[in-house]
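K.L.:
Have a look at this fold, sequence not included:
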């Protein structure tokens, strides 16, 4: 079993439902969610949009390989309605990033782990610090709390107030 950290992000559609469905799918196809951060509302990073993002970090234990995790997260994104654009930064219904896969350092054309921009983004560091402040970044050899303290990202990251559960 490997401890995996994923970041959910999205700024289109019914974010509460999309995130709930994403967590359900990931638990079925990737592994057991062992911790999850609060939901955070964040300003778009790298582009302008009227629609604020939601972000959440999940800690999952998995038996899948990193490539299998990538395949399953991409399948989940597609199943939830994600349409990939030619440009990297755009509004989207869901994005699932692999932040860490155990202590592995992976540098492939289709997969870089740890995620190469963790240290630049408060929308990743704040929810990650909530559930894994002492996790050591295997490249920088600093824990998540240190990376957050050093992060110069000026964008606002605010906890989403607890929302009433939807009844089906």
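P.N.:
Sure, I can see it. Fair warning: this is a prediction, and the values are worked out from it, not measured in the lab.

K.L.:
Identify the residue spatially nearest to residue 36, adjacent ones excluded.
P.N.:
Leaving aside its chain neighbours, residue 36 sits nearest to residue 58 (5.0 Å; criterion: CB to CB, 6 or more residues apart in numbering). Any C-beta I mention is one placed from the backbone N, CA and C, and that applies to glycine too.

K.L.:
give me every residue that touches the one you found.
P.N.:
Residue 58 makes contact with 5, 6, 7, 8, 23, 26, 33, 35, 36, 37, according to CB atoms under 8 Å, 6 or more residues apart in numbering.

K.L.:
and it, what are its bridge partners?
P.N.:
Under DSSP bridges, the beta-bridge partners of residue 58 are residue 6, residue 36.

K.L.:
burial count for the nearest residue to residue 64 once chain neighbours are set aside?
P.N.:
The shortest distance from residue 64 to any residue other than its chain neighbours is 6.2 Å, reached at residue 30 (CB to CB, 6+ apart). A total of 23 residues lie near residue 30 under the criterion other CB atoms under 10 Å.

K.L.:
contacting residues for the spatially closest residue to residue 29 that is not a sequence neighbour?
P.N.:
The shortest distance from residue 29 to any non-neighbouring residue, by CB to CB, 6+ apart, is to residue 72 (4.6 Å). Shown in contact with residue 72 (CB under 8 Å, 6+ apart): 26, 29, 30, 64.

K.L.:
What helices and strands are in contact with the strand or helix carrying the first one?
P.N.:
Taking DSSP states H and E as the criterion, residue 26 maps to helix 15-29. For helix 15-29, the helices and strands in contact under the criterion 3 or more CB pairs under 8 Å, 6 or more residues apart in numbering; DSSP states H and E are strand 2-10, strand 31-36, strand 53-62, helix 66-79.

K.L.:
at 10 Å what do you get?
P.N.:
On a contact count with 3 or more CB pairs under 10 Å, 6 or more residues apart in numbering; DSSP states H and E, helix 15-29 meets strand 2-10, strand 31-36, strand 53-62, helix 66-79, strand 95-101.
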